[in-house]
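Enquirer: predicted model and sequence below, questions to follow.
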Amino acid sequence: MKSARIAHNSIHAALAIDDILCEILLRLPENYVFRLILVSKKWLHLICSNSFRSSYHSQWREKFHLLGFFVCNFLYLGRPRDGIRRPTWEPALTLLSTCKEGDDLKFSGILKRLGFFIDSSNGLLLCGRQPMTYYVWNPLTKQRYELPQPQQFYRSLCMAFIVEDSHDDVICYKVIRAKCVCKRVEVNTVSIETFSSKTTAWKQSTLTCSSNFALCPRSVATVIKGVVHWFAVQKNLAIYDPYLGLRRISLIKLPAGQLSYDYEESVLGESFDGLLQYGQSSRLGIEIWVLEKEQSSNSSIYKSTHLENRWNLRYKLRFKEMWKQNPTFTGHSKETQILSFLHRNSESVFIRSGSNIYLYDFESRRLEVVRYQGRASSIFWDSSRVVPYFRPSWPHSSLCHCINRIT
């Protein structure tokens, strides 16, 4: 009895030490860790903290939950005085909800206060009324932060939204505005403004490229590990790393493709192994590539501008074969195209056919319909950007914020 009591007390003493408890929790699957938040307030605070979450996801793959699809109609952005006006019955920020959590967000009323959708990162929303008004909304705290007005007026621009990894419970982010020159002018520079949540101010700078280029207007960058990837004209990709301290942009050529050479839609995303993936689709099908990094470089800024051989083709899909392998979907539209990648996923992709959204798995070759709540008939699909909205599945507790305020 005495030895059993000593062993029991020693176990409790070990679990009372945060470092030992963390080492134990880091070895458990995610679903088991989530159950342990009920043990005590201390365990709840530890598991929900950003520091433990970052340590956990350095060993385990992070999971995300799809809440729905945001719709941004380009016809209303930066329109002239005599341009098309948004009907009063049409919301500026449309969410095609795919779950109850998405329904709750849709009917909460907060979306009416955010303007148009721009981008999302790690669950945070960047919205606003371009080109001078921007909001960042945190779904965990339900707080909306209005950014100060930028210093420069860009009539045509593209954006980037970076949420930085943090080991404390303070969320830090950057918002980048890049000027787009619509005229046919030979330039190798681009003017940008960067807002940092740490300084709460905009900073203007000029980026330089080794060759002439122009960014595609109204586009939003794909950010991987803090590195910004923008679409550029003439089928190029512009890459900018704001953390290198170098005010320069690298330009690389996008792959041409065979099946999708005459492509109508193209998307960027992050693969499961942290690489940039690029997909394009034509009426015939889809092709997806992954951009391999140079072995000698630790950065995603590529030294050479001729890296066409660095694009590795991962998947090729003919739409005709896809429908044939999934005969249950008989009433599909002929206008089928790639819609978006999943978050840090290379095996699946969202596909749109008419007003229907499907999830296709390249490994199993299965096609599933994604059911959403929304008025599909009111969406101008050809002039809209439809973006999936993912939230991290990691639990959150307001206790973390309360303790931080006390300390």
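Expert: Thanks, I have it.
Enquirer: what strands line up against the host helix or strand of residue 387, and which way round?
Expert: Under the criterion DSSP states H and E, the helix or strand holding residue 387 is strand 384-392. For strand 384-392, the paired strands and their directions (DSSP bridges) are strand 64-73 (antiparallel).
Enquirer: list the contacts of the strand it pairs with.
Expert: For strand 64-73, contacts defined as C-beta atoms under 8 Å, 6 or more residues apart in numbering pick out 86, 93-99, 101-102, 105-106, 116-118, 120, 343-344, 357, 372-374, 379-380, 383-393. Using the backbone N, CA and C atoms, a C-beta is placed for each residue, glycine as well.
Enquirer: of those, buried ones?
Expert: Buried positions within these, assessed by neighbour count (16 or more other C-beta atoms under 10 Å), are 93-98, 102, 105-106, 116-118, 120, 343-344, 357, 372, 374, 379, 384-392.
Enquirer: quick one, what contacts the residue nearest to residue 71 when sequence neighbours are not counted?
Expert: Of all residues beyond its chain neighbours, the one nearest residue 71 is residue 94 (4.0 Å), with distances taken as C-beta to C-beta, 6 or more residues apart in numbering. Taking C-beta under 8 Å, 6+ apart, we find residue 94 in contact with 70-71, 117, 374, 379.
Enquirer: would you turn the residues you listed into a markdown table with pLDDT and distance to residue 227?
Expert: Converted to a markdown table, the contacts of residue 94 look like this (pLDDT from 0 to 100; distance: C-beta to C-beta, whole Å):
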| residue | pLDDT | distance to residue 227 |
| --- | --- | --- |
| 70 | 95 | 23 |
| 71 | 92 | 27 |
| 117 | 94 | 23 |
| 374 | 85 | 33 |
| 379 | 83 | 32 |
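Enquirer: before we move on, the earlier item: state the pLDDT value of the residue nearest to residue 71.
Expert: Per-residue confidence for residue 94 comes out at a pLDDT of 91.
Enquirer: look up how far residue 259 lies from the closest residue to residue 334 other than its chain neighbours.
Expert: Sequence neighbours aside, residue 283 is the residue nearest to residue 334 in space, at 7.7 Å (criterion: C-beta to C-beta, 6+ apart). Residue 283 sits at a distance of 10 Å from residue 259 (criterion: C-beta to C-beta, to the nearest Å).
Enquirer: looking at these two, which is more packed in?
Expert: Remark: of residue 283 and residue 259, residue 259 carries more neighbours, 18 against 13, as counted by other C-beta atoms under 10 Å.
Enquirer: phi and psi next, for the more buried one.
Expert: Backbone dihedrals for residue 259, given as degrees, to the nearest 10, come out at phi -60, psi -40.
Enquirer: my read: it touches residue 315, true?
Expert: No. Counting by C-beta atoms under 8 Å, no contact exists between residue 259 and residue 315, whose distance comes to 10.5 Å.
Enquirer: shared neighbours, these two?
Expert: With contacts taken as C-beta under 8 Å, 6+ apart, the residues that reach both residue 259 and residue 315 are 286-287.
Enquirer: how far does stretch 258-278 stretch from start to finish?
Expert: 14 Å (C-alpha to C-alpha, to the nearest Å).
Enquirer: could I get the buried residue list for that stretch?
Expert: Within stretch 258-278, judged by 16+ other C-beta under 10 Å, the buried ones are 259-260, 263, 265-271, 275-278.
Enquirer: lowest-confidence one in these?
Expert: Note: of the buried residues of stretch 258-278, the lowest pLDDT belongs to residue 260, at 87.
Enquirer: so that one sits in a strand?
Expert: No. Under DSSP: H, G, I helix; E, B strand; the rest coil, residue 260 sits outside any strand and is assigned coil.
Enquirer: circling back: now the strand holding residue 387: average pLDDT?
Expert: Over the span of strand 384-392, the pLDDT mean works out to 91.
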